[in-house]
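**Student:** based on what follows, work out the 3D shape:
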Amino acid sequence: MKHTISVLVEDEAGVLTRIAGLFARRGFNIESLAVGPAEKGGISRITMVVPGDERSIEQLTKQLYKLINVLKVNDLTTTPCVERELMLIKVSATASNRAEAIELAQVFRARVVDISEETITLEIVGDPGKLVAIEQMLGKFGIREIARTGKIALSRESGVNTEYLKSLEVKV
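**Tutor:** Residues are numbered from 1 along each chain as shown. Next up, the predicted model:
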């Protein structure tokens, strides 16, 4: 199972290296990594997606707390949260199919950020599933390049689990 781990750390040189070293020593692969300033000055939030079972993630959490500069560790996997990623995708788009590519982008609320005679570059922000879906749909045009950020996530204060809401069937 993939776990989303949020770690608050003091913003000092070498913190990310120590955390990555811990993961490497434990044999964990970091599938997604995003780092940026947190709500307070001098503190950064590291959001990671790592595969593992409950026991191994619990051990990893305990090890993270032993590191200098680690302030708080949260496993957001089962917590209602807001998750987002950013993707830039460059696809082949000639005059004959450009309108179709732009129409598809609009369906996914993507923005056109660059256009040339042979390509179109789109910016898509959303949950990871949305990014996978648009990537599959744009595949027919020919994907030239993709750049994705890692997942970022914050827990929902409302406690509303949107994954649960998505699973409900709408009855008309």
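
**Student:** okay, strands next: where are they in this protein?
**Tutor:** Taking DSSP state E to define them, one finds strands in the chain at 2-10, 32-37, 43-51, 70-75, 81-92, 111-115, 119-126, 143-148, 152-155.

**Student:** what helices and strands are in contact with the third one?
**Tutor:** Just to be clear, that refers to strand 43-51. In terms of contacts (3 or more C-beta pairs under 8 Å, 6 or more residues apart in numbering; DSSP states H and E), strand 43-51 is packed against strand 2-10, helix 15-25, strand 32-37, strand 152-155. In short, each C-beta sits where N, CA and C put it, glycine included.

**Student:** please identify the deepest-packed of those.
**Tutor:** Each of the helices and strands packed on strand 43-51 was scored by mean neighbour count; the highest is strand 2-10, a mean of 19, by mean count of other C-beta atoms under 10 Å.

**Student:** let me see the mean pLDDT of it.
**Tutor:** Mean pLDDT, computed over strand 2-10, is 95.

**Student:** do stretch 152-159 as well
**Tutor:** On average, the pLDDT along stretch 152-159 is 85.

**Student:** do stretch 81-95 as well
**Tutor:** 94.

**Student:** distance to E103 added to the strands of the chain, as TSV?
**Tutor:** Formatted as TSV, those follow (distance: least, C-beta to C-beta, whole Å):
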stretch	distance to E103
strand 2-10	33
strand 32-37	30
strand 43-51	32
strand 70-75	40
strand 81-92	13
strand 111-115	11
strand 119-126	12
strand 143-148	17
strand 152-155	29
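
**Student:** out of those, nearest to L22?
**Tutor:** Of all these, it is strand 70-75 that lies closest to L22, at 9.6 Å by C-beta to C-beta.

**Student:** contacts made by the longest helix belonging to the chain with the rest, please.
**Tutor:** Secondary structure of the chain per DSSP state H: the longest helix is helix 54-66. Helix 54-66 is contacted by residues 3, 5, 7, 19, 22-23, 26, 28, 50, 52, 70, 73, 75, 77 when judged by C-beta atoms under 8 Å, 6 or more residues apart in numbering.
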